[in-house]
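Engineer: Kindly return the folded structure for what I paste below:
(one chain, ligands or ions: 2)
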Amino acid sequence: MDTRVIGIASGKGGVGKTTFSINLALQFAAMGKRVLLFDADLGMANIHIAFNKSITKSLANVIDGRATLEDIIVNVHENIDLISGGSGVERLADLNALESSAIVQSFSSLESNYDYMIVDMSAGITSQVIAFMASVQLKIIVGTDELSSISDAYGIIKVLSMKQILSDLVYIPNRVSSPITGKKLYENLNYVTNKFLNHDIEFIGSITEDPIYSRAWQADNPASIISKNTNASAEINKIAREIENHQVFNTPNNNSLQFFLTGIQVN
Ligand SMILES: Nc1ncnc2c1ncn2[C@@H]1O[C@H](COP(=O)(O)OP(=O)(O)O)[C@@H](O)[C@H]1O
Ligand SMILES: [Mg+2]
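Structural biologist: Ligands and ions are numbered 1, 2, ... in the order given. Model (predicted):
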């Protein structure tokens, strides 16, 4: 079975990408799905912290031939493994053909191990982020109601539009005061993308401001968070189910882990 690949981006940093990636992974894990979290936040990789693990090797070691992909994969939770991209994320872009095919091969060998790969990206509209977004199947932009977050979310959508990679693009309003304000935030952004880019973005739910959801960072056992009966855990559960049923994963195509890696390198 192919691994479903999801990318998580934002214009502005600090809006909740990583917290979302972790909680989404926990939801999928609880649903019995096997998840590979790819920490692609160059220079600021921090997912391991939420799971109380230390990271000694990253993708850069695999590219250098000093480690295999299996060596750098860390099991962080039942059904969740982590790959830390580190500076390897930057180097992915300029591999020679031989290195590149070796990396693609080793990623492909993981294909049967995971139901989902979640790629947690750096903030901002770097060429790396754009290449990642072009290579994932479901593209998720996380944003808050801060003006700078809204304008930066629009900024990244505009760049994706110029590159014609707007399909299956979801906007998830985060830290909102209620589902109604979340929907409203989506509608406002969608109005603008519709008017100026002639494109509708998708809505699969929003996430309310919730200290328990965000406590994934401090918990010794982040899984306990999702079992808590809070608004955010119900919302993220709904979002996970929307993703599970999303049409991009339920129509035949060639996208997979291998496509992801090949895509990054040709972009
Ligand atoms: N829904 C939420 N409710 C409360 N706090 C949140 C929520 N989402 C994120 N946060 C908090 O916002 C901060 C930034 O989140 P983080 O996931 O690190 O953002 P990013 O990865 O986009 O830089 C963290 O302290 C996190 O706990
Ligand atoms: Mg982050």
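
Engineer: Spell out which parts of the stretch 51-200 of the chain neighbour ligand 1.
Structural biologist: Contact residues, the stretch 51-200 of the chain versus ligand 1 (CB under 6 Å from any ligand atom): 123, 174, 175. Every residue, glycine included, has its C-beta placed from N, CA and C.

Engineer: Quick check, pLDDT for the first one.
Structural biologist: The predicted local distance difference test score for residue 123 is 89.

Engineer: Kindly indicate whether it is helix, strand or coil.
Structural biologist: With DSSP: H, G, I helix; E, B strand; the rest coil as the basis, residue 123 sits in coil.

Engineer: nearest spatial neighbour of it, skipping sequence neighbours?
Structural biologist: Leaving out its chain neighbours, the residue that sits closest to residue 123 by CB to CB, 6 or more residues apart in numbering is residue 13, at 3.2 Å.

Engineer: in which helix or strand would I find the closest residue to ligand 1 within the stretch 101-250 of the chain?
Structural biologist: Nearest residue of the stretch 101-250 of the chain to ligand 1 (CB to the nearest ligand atom) works out as residue 214 at 3.1 Å. Using DSSP states H and E, residue 214 sits within helix 211-214.

Engineer: CA atoms only for that helix, dumped as PDB, please.
Structural biologist: Taking Å, rounded to 0.1, in the frame of the first residue of the first chain, the C-alpha atoms of helix 211-214 are listed here in PDB:
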ATOM      1  CA  PRO A 211      -4.000  24.700  26.700                       C
ATOM      2  CA  ILE A 212      -4.400  20.900  26.900                       C
ATOM      3  CA  TYR A 213      -3.900  20.400  23.100                       C
ATOM      4  CA  SER A 214      -0.800  22.600  23.200                       C
END
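
Engineer: next SSE after that helix?
Structural biologist: Downstream of helix 211-214, the next assigned helix or strand under DSSP H and E is helix 223-227.

Engineer: Show me what counts as buried in that following helix.
Structural biologist: For helix 223-227, a neighbour-count test (16 or more other CB atoms under 10 Å) marks 223, 225, 226 as buried.

Engineer: Turn those into CSV, including pLDDT.
Structural biologist: Shown next, in CSV, are the buried residues of helix 223-227 (pLDDT from 0 to 100):
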residue, pLDDT
223, 81
225, 82
226, 81
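
Engineer: sorry, back to before: where's the closest residue to the residue of the stretch 101-250 of the chain closest to ligand 1 other than its chain neighbours relative to ligand 1, distance?
Structural biologist: Excluding the flanking residues, the one nearest residue 214 by CB to CB, 6+ apart is residue 19, at 5.6 Å. From residue 19 over to ligand 1 the distance is 3 Å, taken as CB to the nearest ligand atom, to the nearest Å.

Engineer: wait, what's in contact with residue 19?
Structural biologist: Applying CB atoms under 8 Å, 6 or more residues apart in numbering, we find residue 19 in contact with 213, 214, 216, 217.

Engineer: Any chance of TSV for the residues you listed, columns pLDDT, neighbour count and distance to ligand 2?
Structural biologist: Shown next, in TSV, are these (pLDDT from 0 to 100; neighbours: other CB atoms under 10 Å; distance: CB to the ion, whole Å):
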residue	pLDDT	neighbour count	distance to ligand 2
213	89	25	15
214	88	18	12
216	85	23	12
217	84	14	11
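
Engineer: Spatially, which two of those residues are the most separated?
Structural biologist: Across the contacts of residue 19, no pair lies farther apart than 213 and 217, at 10.1 Å, counting by CB to CB.

Engineer: what helix or strand is residue 174 on?
Structural biologist: Mapping residue 174 onto the secondary structure by DSSP H and E places it in strand 169-176.

Engineer: now check that strand, is it near ligand 2?
Structural biologist: No. Strand 169-176 lies out of reach of ligand 2 by CB under 5 Å from the ion, never closer than 12.1 Å.

Engineer: which strands and helices sit next to that strand?
Structural biologist: When contacts are defined as 3 or more CB pairs under 8 Å, 6 or more residues apart in numbering; DSSP states H and E, strand 169-176 packs onto strand 138-143, helix 147-162, helix 179-197, strand 207-208.

Engineer: out of the residues of the stretch 51-200 of the chain next to ligand 1, which is most surrounded?
Structural biologist: residue 174 (26 neighbours; other CB atoms under 10 Å).
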